[in-house]
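[1] when you get a sec, could you give me coordinates for this:
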Amino acid sequence: MIFSLFRRKPQRDTISALYGMIVAQARLPVFYRDYTVADTVNGRFDLIVLHLALVLDRLTVEGQLDPAGQAVFDRFCEDMDDNLREMGISDLKVPKEMKRMGQAFYGRSKAYLDALNDRRALVSALTRNIYGGAPSASEAAPRLADYVIAAAAALKAQDLGAIAAGDVQFPDPAQIPVSGA
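    Residues are numbered from 1 along each chain as shown. This is a model prediction of the structure:
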């Protein structure tokens, strides 16, 4: 009981700000215009998952998600629940959809993070998950992979405390050059 007094819990405002930065980055028009990610519910979900996975990976220390990371993940779950309800999903179906979304999050996160050091594998994971295997992905997925690698490197260079305090900096996706496969 007394140890909980010493455990630092992240402030809700800080977590909302950090999650808001993740969502804002994922919703940049450049991803939908230049990277040809589908501007649909699924496309937006996939980009949020991608950015969230990168931030949570950075907030993992010695195999444990730090309290801010757990709070951001919880905020993501709340947001997804709220969005399902706003879309008119019935109360009885929300848990089933949340389970499906959770499985999608964990599967995609693992695929992206496992492939960070293998650009070809990352391109394959992005093609499959974000582009649904569409032929148009052959040009866009390599550029998105370059962005993901740059974002992971940028997050790794940032102070963990600053990120946990709500200050996260992503690279500008418009500055990632168009490259070949």
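[2] in what helix or strand does Leu54 lie?
    Per DSSP states H and E: Leu54 is located in helix 41-58.
[3] run the chain-centre distance for that helix.
    2 Å (Cα atoms, centre = their mean, to the nearest Å).
[4] in that helix, which residues are buried?
    Going by neighbour count (16 or more other Cβ atoms under 10 Å), the buried part of helix 41-58 is 43-58. C-beta here means a position set from N, CA and C on the backbone, and glycine is covered the same way.
[5] then stretch 78-86?
    Buried residues in stretch 78-86, defined by neighbour count with 16+ other Cβ under 10 Å: 80-81, 84.
[6] can you redo those as TSV with pLDDT, secondary structure and distance to Leu155?
    Output for the buried residues of stretch 78-86, formatted as TSV (pLDDT from 0 to 100; DSSP: H, G, I helix; E, B strand; the rest coil; distance: Cβ to Cβ, whole Å):
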residue	pLDDT	secondary structure	distance to Leu155
Met80	83	helix	22
Asp81	83	helix	26
Leu84	81	helix	28
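[7] and those, which is closest to Ile176?
    Nearest to Ile176 among the buried residues of stretch 78-86: Met80, at 27.5 Å, using Cβ to Cβ.
[8] that closest one contacts Lys99, correct?
    No - using Cβ atoms under 8 Å, Met80 is not in contact with Lys99; the gap is 11.0 Å.
[9] tell me the buried residues in the helix or strand hosting Pro142?
    Assigned by DSSP H and E, Pro142 falls within helix 137-157. Neighbour-count burial for helix 137-157 flags 137, 140-152, 155 (criterion: 16+ other Cβ under 10 Å).
[10] chain center to that helix, what's the gap?
    Put simply, helix 137-157 sits 12 Å off its chain's centre (Cα atoms, centre = their mean).
[11] pLDDT weak spots in this structure?
    1-10, 64-65, 180-181 (pLDDT under 70).
[12] where along it do the strands fall?
    Ranges of strands within the chain are 60-61, 64-65, based on DSSP state E.
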